[in-house]
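J.: Here is a sequence with its predicted model. Questions after.
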Amino acid sequence: MAEEVKAVSEEDAVISLQGVGKRFGERWAVSDFDLRIPRGVTYGLLGPNGAGKTTSLRMIYGLTEPTSGSLRVFGKEVRENVRAVRARLGVTLQENVLIENLDPRENLAVFGRFHLLRGKALRDRIEFMIDFLELRSHADVPVRALSGGYKRRLAIAMSLMNDPELVILDEPTTGLDPAVRLALWERVRELRARGKTVVLTTHYMDEAERLCDRVAIMSEGKCVMEGVPSELITTHLARETIEFDCSVKEEGEFLRPLEDPRARVRVGRRLMLYADDTGVYMDRLHQREGADCRPFIVRPTNLEDLFLSVTGTSLKEVE
Amino acid sequence: MRLSLPYAMSVWRRNAAMYKRSWKLNLLPNFFEPVFYLTSIGVGVGAYISEMAGMSYAEFLAPGLVCVAAMNGASFEVTYNVFVRMEFEKSYDAMLTTPIEPIDILVGELLWAMSRACIYGLCFFVVVSLFGLAAFPGALLALLAIPLTGFLFGAIGLAFTMLIRNIDLYSFYFTLFLTPLFLFSGVFFPLEERLSGLALLVAEVLPLLHPVRFARSCFLGNFDFIMLWDLFYCVALASLLLWWAQKRIRIRLSE
Ligand SMILES: Nc1ncnc2c1ncn2[C@@H]1O[C@H](COP(=O)(O)OP(=O)(O)OP(=O)(O)O)[C@@H](O)[C@H]1O
Ligand SMILES: [Mg+2]
C-alpha cells in the first residue's frame, strides 16, 4: 500500500503533505502526517473527536500554519500562494456559517462576491447551485427559518460557488436525516463524476465506506492507517464478523479449544470476532449452549469494525 | 500579503447586503437624535447662554455633534459587530476559505465603518443645515470631517477589537473612552478657554478634538493652518493603529 501511495507523482497529487505537524501549546494536534491525494479521488479523513481532522483541513487550505513539515496543494506551497490556491478550492466548514437574516439566494450572492463573481455570471451560478442542492422551494426564506438539512445544503452550495477543483467537506452530514444524507452522497458522487477531488471527514463509517475511494484513519494526531476501505478491512481484520454478548471470563473459556480469530474487539459485554470463516464460532456456540444458545449476529466486517479496532473504544478501559 | 481592494469591497458588500434589508428602520432614528440634541441642549440650555466663543450656543454645538454622530456610527460597527462576526458567528473563518486575506477583511470592515459614519454624520448634517446652523459654502468642506472621523474611530475601534478577548471589555471602551471624549473634546465648550499652557497641549492627544476643530473651522469659514495638523493627526494615528491591527488580525484568525 505504501508503494502505491508513493507511486502518485507530485503532479498528479492535488494534495501532498510531508511530515506535517501542528502544535498548540504543548500538545501536537497533528504530528508527522504524510498524505498524498491524487486528482479525481474522493478521500475520507476519519478519526475520533479531537483526532486532528479539522486541524489538518485548516492547514490544507492555508488557514493554520503547520508547525513542521511541508504542504503542497495543486503542486504549490500553500502559505506562499494562499490566494491562488484558495481560488481553486471550496470548503464547507464543520459549523455552518450563514447570514441568518438573509435568504439562501442572498447568502449565495454574498459568497459568490467573495470570489469576485458579479453580474450575470453570479446570477447564473446562484441559480445553478440552487438547483444542484435542491434549494429552490426555500430560496427566498430567511435562513433562520430553515431546517438543519436546508442550512447544511446551503452551506455546501456556498462552498461550491467558485466551481472548485478541490472540494473540502468537514463533516458534511453530521446531524442530518437519512434522506438528506442520501441526497448529499449523490451530490458527492456527482462531483466525483465531474472529475473533482473531494476530501471529506465523517464519523459515519458507512458513509466513508460507500463514498470514499481511499481513507486515512487518524488517532491522536497521527495517521494510523491509510488505503482502500475494502482492502484495509480484509488485510487488518477479516471478511466476516460474529458478535455476541459475553464476559471476559467466558471469552477465554469459549475460545480455548479454537484457533484464535484474526482479530477481536470488545465494547463492554459485546464481543466481536473477525474471521474469514465464522462457521467454527457458530458451531462452538451451538455445541456449548444447545438449541436456546445466546443470540449472535454474523455479518460482513465493515469499516466501523476497523475504525474501532485501530482507534480503540473508551469502554475497553472500563472493563 | 498585500491588500486587494476588490476582495475588501466584497467584505464591504456583505455588510451592505445585511444593512439593505433594514435600512429604512435603521435610518429614521438617525434624524430624531440630532433634533433632540439641538432642541434640548442647543435651544434649551442655549437660552441661558448669551454666546459661546463668539457665536450662539446652537451654532457652537452643531459641528461637534456632526462629528460625534460619525464617531458613534463607526464605533458600534468596529466594536460589537466586528467582535461578534469574528468570535461568535465565525464569518471571517468562512471568508478565509476564499481568496480573501485577513487584511482585506480589516480594510473591508474599516470601509464599512466609514460608510456607517457617513450615514450617521450626514443625517446630522442635514438636520443641522435645516436648523440654519451651517454657513455655506464653508460648511461643505466640513463634510470631509465625517469620513475622517469614521476613518479615525474605525481604526481605533478595530485596534481595540483585535486586542481584546472578552466582549465585556467594550463597556470600558464606551464609558471610559468614548464618553469622556464626547464630553471633553470641545463639543460642548471651547477647551482653549478653560485650559492653558501645558494642559492645553496635552489635550491635543484627544482624538475627537481634531475632527471637531476641523469641522468647526469649516462651519465658521475660518481656515487656519491648524486644520492641517488636525488632518495629519487623524490620518497618522489611524494609519499607525491599522498597521498594528493588520498584524494582529492575521495572527488571530489563523489560531
Ligand atoms: N486553536 C486551537 N487551540 C488549541 N487547541 C486546538 C485548537 N484547535 C484545535 N485544537 C486541539 O487540537 C486537537 C484536534 O482538534 P481538531 O478540531 O482538529 O479535531 P477533529 O478531528 O476535527 O475533531 P472533531 O471530530 O471533534 O471535529 C483537539 O485536541 C483540539 O482541542
Ligand atoms: Mg473537526
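T.: It's in. Ligands and ions are numbered 1, 2, ... in the order given.
J.: Can you give me the buried ones in stretch A:216-224?
T.: By 16 or more other Cβ atoms under 10 Å in any protein chain shown, the buried positions in stretch A:216-224 come out as A:216, A:217, A:218, A:219, A:220, A:221, A:222, A:223. C-beta coordinates here come from the backbone N, C-alpha and C atoms, glycine included.
J.: quick one, strands of chain A?
T.: Assignment of strands within chain A using DSSP state E yields the ranges A:13-24, A:27-38, A:42-46, A:68-73, A:76-77, A:89-92, A:166-170, A:197-201, A:214-219, A:222-227, A:240-245, A:263-267, A:270-275, A:296-300.
J.: any idea which of those strands scores lowest on pLDDT?
T.: Among those, strand A:263-267 carries the lowest mean pLDDT, at a mean of 87.
J.: For that one, buried residues please.
T.: Quick answer for strand A:263-267 (16+ other Cβ under 10 Å): A:263, A:264, A:265, A:266.
J.: closest to ligand 1 among those?
T.: residue A:265 (20.5 Å; Cβ to the nearest ligand atom).
J.: and chain B, which residues reach ligand 1?
T.: residue B:255 (Cβ under 6 Å from any ligand atom).
J.: Low-confidence ranges, chain B, go.
T.: B:1 (pLDDT under 70).
J.: mind checking how far residue B:12 is from residue B:100?
T.: As for residue B:12, its distance to residue B:100 is 12 Å (criterion: Cβ to Cβ, to the nearest Å).
J.: So if I had to pick from those two, which one is more boxed in?
T.: residue B:100 (25 against 22; other Cβ atoms under 10 Å in any protein chain shown).
J.: my read: the more buried one touches residue B:13, true?
T.: No. If you go by Cβ atoms under 8 Å, residue B:100 and residue B:13 don't touch, sitting 11.7 Å apart.
J.: Spell out, range by range, the strands that occur in chain B.
T.: So, for chain B - with DSSP E - there are no strands.
J.: Smallest distance to ligand 1 belongs to which residue of it?
T.: residue B:255 (4.8 Å).
J.: could you list every residue that touches that residue?
T.: Shown in contact with residue B:255 (Cβ atoms under 8 Å, 6 or more residues apart in numbering or on different chains): residue A:64.
J.: what's the domain layout of chain A?
T.: Domain assignment for chain A by automatic domain parsing gives A:13-229, A:238-300.
J.: Of these, which is nearest chain B?
T.: Ranking the domains of chain A by distance to chain B, with Cβ to the nearest Cβ as the measure, places domain A:13-229 first at 3.8 Å.
J.: Distance to chain B added to the strands of chain A, as JSON lines?
T.: Formatted as JSON lines, these follow (distance: least, Cβ to the nearest Cβ, whole Å):
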{"stretch": "strand A:13-24", "distance to chain B": "9"}
{"stretch": "strand A:27-38", "distance to chain B": "12"}
{"stretch": "strand A:42-46", "distance to chain B": "16"}
{"stretch": "strand A:68-73", "distance to chain B": "13"}
{"stretch": "strand A:76-77", "distance to chain B": "13"}
{"stretch": "strand A:89-92", "distance to chain B": "4"}
{"stretch": "strand A:166-170", "distance to chain B": "8"}
{"stretch": "strand A:197-201", "distance to chain B": "13"}
{"stretch": "strand A:214-219", "distance to chain B": "21"}
{"stretch": "strand A:222-227", "distance to chain B": "22"}
{"stretch": "strand A:240-245", "distance to chain B": "39"}
{"stretch": "strand A:263-267", "distance to chain B": "35"}
{"stretch": "strand A:270-275", "distance to chain B": "39"}
{"stretch": "strand A:296-300", "distance to chain B": "38"}
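J.: Reformat those as TSV; add distance to ligand 1.
T.: What follows is the strands of chain A, written out as TSV (distance: least, Cβ to the nearest ligand atom, whole Å):
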stretch	distance to ligand 1
strand A:13-24	3
strand A:27-38	3
strand A:42-46	8
strand A:68-73	15
strand A:76-77	22
strand A:89-92	13
strand A:166-170	7
strand A:197-201	7
strand A:214-219	7
strand A:222-227	12
strand A:240-245	25
strand A:263-267	19
strand A:270-275	23
strand A:296-300	26
